[in-house]
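**Student:** what follows is a predicted protein model with its sequence.
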Amino acid sequence: SNVGEPLYERKGHQIVLTPAGEGLLQHAEKMESDFNQAIEYVRCLQKINAGTLRLGSTTTIGSYYLPRYVVELQTLHAGVQVFMKTGDTREILQSLTELDLGFIEGPVEEESLPINYQVIPWQDDEIVLVVPEDHELAKEYSQSVPLDVFTRHQVIWREPGSGARDVVEKALLESDIEAPVNIEVNGVSGIKEAVRAGMGIGFASFQALRHESSGLVSRRIKPPDGLIWHLNIIAPRNEIQSRTAKAFLDLCLNRETEN
């Protein structure tokens, strides 16, 4: 061995690393990680494609926030192709290296992101209760409901990994309120349809309820402040963003863009 001492030993039918082997393995794993990050860095440097924009977004942001910006981008920059992947916040973070920009709900530490990515605070939204307009809660509370309604009524929950669900669960935990999870559905549309069908009360982004006109109403949760959540953009560092990504970011952040 070039190392000077054994890296492994046989124990019966098994091969077991020695302490020296374990130490070398740690260095090898770090080398592999550094190599993969270097490859990703080169990919970002080379990726200057003005004709394609790959977005990753949670379903709420993709349905109720991004469409207007996509239309505006394609109006200003004819020929740009936009591809959108939707999923929960966790899924989008796991797919970042395949995307130009990611749009997620809730906080994320920059240290946990791939090399050369950044978090850009974007917009604030609010999680509101969703009930039929003739529901007893809609009649009892004209503007806001207390958190304990989650223990008094059947709740329709978003799927695990949903940013909206994380906000509600954190608020319940902080208030020492336990609410059972008996029904789970995917997406805002699933919440709306289940509430409309009388399966229980739900919760969703206020933005998703703004133009609702088919029998559902919203109420703020936990007055007086409500349940605020933060929407963030995950982007490559400024110097390695593609021109298309820069143009789309400028629209989202209401900056001036070049035609």
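**Tutor:** Great, that's in hand. Numbering: from 1, shown residues only.
**Student:** in the chain, which spans are strands?
**Tutor:** Using DSSP state E, the strands of the chain run over residues 8-11, 14-17, 52-57, 81-86, 101-105, 117-132, 144-145, 156-158, 183-185, 202-205, 216-221, 227-236.
**Student:** got JSON lines for these, with mean pLDDT too?
**Tutor:** What follows is the strands of the chain, written out as JSON lines (pLDDT from 0 to 100):
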{"stretch": "strand 8-11", "mean pLDDT": "80"}
{"stretch": "strand 14-17", "mean pLDDT": "82"}
{"stretch": "strand 52-57", "mean pLDDT": "94"}
{"stretch": "strand 81-86", "mean pLDDT": "94"}
{"stretch": "strand 101-105", "mean pLDDT": "94"}
{"stretch": "strand 117-132", "mean pLDDT": "94"}
{"stretch": "strand 144-145", "mean pLDDT": "95"}
{"stretch": "strand 156-158", "mean pLDDT": "95"}
{"stretch": "strand 183-185", "mean pLDDT": "94"}
{"stretch": "strand 202-205", "mean pLDDT": "94"}
{"stretch": "strand 216-221", "mean pLDDT": "94"}
{"stretch": "strand 227-236", "mean pLDDT": "94"}
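**Student:** per-residue pLDDT, the nearest residue to Arg237 once chain neighbours are set aside?
**Tutor:** For Arg237, ignoring the flanking residues on the chain, the nearest one in space by C-beta to C-beta, 6 or more residues apart in numbering is Asn116 at 4.8 Å. C-beta: built from backbone N, CA, C; applies to glycine. On the pLDDT scale, Asn116 is placed at 88.
**Student:** rewinding a little: export the strands of the chain to JSON lines and append columns for distance to Tyr64.
**Tutor:** Shown next, in JSON lines, are these (distance: least, C-beta to C-beta, whole Å):
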{"stretch": "strand 8-11", "distance to Tyr64": "56"}
{"stretch": "strand 14-17", "distance to Tyr64": "52"}
{"stretch": "strand 52-57", "distance to Tyr64": "10"}
{"stretch": "strand 81-86", "distance to Tyr64": "12"}
{"stretch": "strand 101-105", "distance to Tyr64": "11"}
{"stretch": "strand 117-132", "distance to Tyr64": "9"}
{"stretch": "strand 144-145", "distance to Tyr64": "22"}
{"stretch": "strand 156-158", "distance to Tyr64": "15"}
{"stretch": "strand 183-185", "distance to Tyr64": "17"}
{"stretch": "strand 202-205", "distance to Tyr64": "7"}
{"stretch": "strand 216-221", "distance to Tyr64": "13"}
{"stretch": "strand 227-236", "distance to Tyr64": "10"}
